[in-house]
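Peer 1: I'll drop the sequence and a predicted model, then ask my questions.
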Amino acid sequence: MSTTSESYLVGLIGAGITASLTPPMHEAEAAHHGLHYLYRPVDLEAIGRPGTDVGELLRAGRDLGFNAFNITHPCKQLVLDHLHETTPAAAALKAVNTVLIRDGRFIGHNTDQTGFAAGLAAELPEAPKESVVQIGTGGAGSAVAAALLSQGVQALHLFDVDPTRAAERAQALGQMFPHQSVAAAGTEELPGLIAAADGVVNATPVGMHHHPGTPIDTSLLSARQWVADVIYLPVDTELITAARAAGCRVLDGGHMAVGQAADAFALITGMEPDRARMRAYFLELLHAQQG
Ligand SMILES: NC(=O)c1ccc[n+]([C@@H]2O[C@H](COP(=O)([O-])OP(=O)(O)OC[C@H]3O[C@@H](n4cnc5c(N)ncnc54)[C@H](O)[C@@H]3O)[C@@H](O)[C@H]2O)c1
Ligand SMILES: O=C(O)[C@]1(O)C[C@@H](O)[C@@H](O)[C@H](O)C1
């Protein structure tokens, strides 16, 4: 038997997440720290609940002794109405993926943003950041854009097939980071911006196993640039492979996946995880999942 101060009970609330690699990543890291730690997916599809039930599920989890939840699609915005406290960064992004339960109160964080930022800082520490082009400004893209600006990108150009979304994101991020430049890019100017950029980031689903291809013309890339992707199914997307072939430094999407998990683990336990060990285990899990 253990009490809430001696063990950890954590969940992931979202739709279609039964096969998520985040629960095993947390549990394996916790085992290395000698912690009693259980992490369960709470799959809305499997239990037939809508995303709007996220508050009810959080309160039930609190009453049953959970220490924390990760929150994912479609609840990252819906959960905001149920929190007692939200970090300024998550509040500005209007998206929460980690809820700590402390003294019965719900405290919201966004480790998608900090996780991508941590990966960028660790893997591409010297990467120039005067000008970056990011493709895709949806859920992941919002967190990634904020991470890029928090890491010192001076001019961020956002492109999306939905130009209204890119323009709204650019305006919101411009308010969050008033000393840097954030602008939506049009289709015609995109090739020139990509060729001139220090870094190019993909935050669209283009490149996933079921959505092959690249979101940009990769012949525009040159060896002086760095390229990041958020996709990790597969880890080596066509974009990452082409960028490597062009001599670019790369940051694959596995770094964001591990970064968000590592930052959530640190918040939940107060212990610093071994990020290299988590990444190695994540890659092992991915390979096993893909047969
Ligand atoms: N590594 C991680 O931890 C992590 C976390 C979350 C999501 N993801 C990945 O990020 C990707 C995006 O997920 P999301 O939740 O942001 O999706 P989303 O649907 O919220 O956003 C995707 C955005 O990309 C835009 N888009 C699609 N195709 C485009 C194209 N060819 N050119 C320009 N814009 C295009 C869409 O209009 C949309 O705005 C997915 O592949 C997902 O698996 C990775
Ligand atoms: O790995 C997943 O399934 C996640 O749902 C991915 C991403 O949405 C994170 O923010 C969640 O914490 C975990």
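Peer 2: All right, it came through fine. Numbers count the residues shown, from 1 in each chain. Ligands and ions are numbered 1, 2, ... in the order given.

Peer 1: residue of the stretch 51-200 of the chain nearest ligand 1, please.
Peer 2: Per Cβ to the nearest ligand atom, Gly138 is where the stretch 51-200 of the chain lies closest to ligand 1, at 1.8 Å. For the C-beta atoms, the positions are set from N, CA and C on the backbone; glycine is no exception.

Peer 1: ok, is stretch 263-273 in contact with ligand 1 or not?
Peer 2: No: Stretch 263-273 does not reach ligand 1 (Cβ under 6 Å from any ligand atom); its nearest approach is 11.2 Å.

Peer 1: please renumber so the chain begins at 825
Peer 2: From this message on, residue numbering opens at 825, which makes the last subject stretch 1087-1097.

Peer 1: thought Ala942 was touching Gly1083?
Peer 2: Yes: counting by Cβ atoms under 8 Å, Ala942 touches Gly1083, with 4.6 Å between them.

Peer 1: intersection of neighbour lists for those two?
Peer 2: Arg1099 (Cβ atoms under 8 Å, 6 or more residues apart in numbering).

Peer 1: please say which of those two ends up with more neighbours.
Peer 2: Using other Cβ atoms under 10 Å as the criterion, Ala942 and Gly1083 rank with Gly1083 on top: 27 against 21.

Peer 1: give me every residue that touches that one.
Peer 2: If you count contacts by Cβ under 8 Å, 6+ apart, Gly1083 has them with 935, 938-943, 1099.

Peer 1: which one of the residues you listed is nearest Arg1073?
Peer 2: Comparing these against Arg1073 with Cβ to Cβ places Gly943 closest, at 12.6 Å.

Peer 1: ok, for that closest one, nearest residue in space, not its chain neighbours?
Peer 2: Distance criterion Cβ to Cβ, 6 or more residues apart in numbering; nearest residue to Gly943, sequence neighbours excluded, is His1079 at 3.1 Å.

Peer 1: cool, and Ala852?
Peer 2: Tyr1105 (5.2 Å).

Peer 1: is that neighbour in a helix, a strand, or coil?
Peer 2: At Tyr1105 the chain is in helix, as set by DSSP: H, G, I helix; E, B strand; the rest coil.

Peer 1: my guess is it contacts His850. True?
Peer 2: No: when contacts are counted by Cβ under 8 Å, Tyr1105 is not listed as touching His850 (10.5 Å).

Peer 1: more neighbours: these two, which one.
Peer 2: Legend: neighbour count by other Cβ under 10 Å for Tyr1105 and His850, higher for His850 (27 against 18).

Peer 1: contacts only, for the residue nearest the centre of the chain.
Peer 2: Nearest to the mean C-alpha position of the chain, by Cα atoms, centre = their mean, lies Asp936 at 3.1 Å. The contact partners of Asp936, by Cβ under 8 Å, 6+ apart, come to 919, 921, 964, 967-968, 1080, 1084.

Peer 1: spit out the contact partners of the closest residue to His860 other than its chain neighbours.
Peer 2: Leaving aside its sequence neighbours, His860 sits nearest to Ser831 (Cβ to Cβ, 6+ apart; 3.7 Å). Contact analysis of Ser831 by Cβ under 8 Å, 6+ apart lists 859-862.

Peer 1: what does the stretch 875-1024 of the chain have sitting close to ligand 1?
Peer 2: Those residues of the stretch 875-1024 of the chain that sit near ligand 1, judged by Cβ under 6 Å from any ligand atom, are 959-965, 983-986, 989.

Peer 1: which residues in the stretch 925-1074 of the chain form helices?
Peer 2: 935-947, 963-974, 987-1000, 1014-1020, 1062-1069 (DSSP state H, counting those that start in this stretch).
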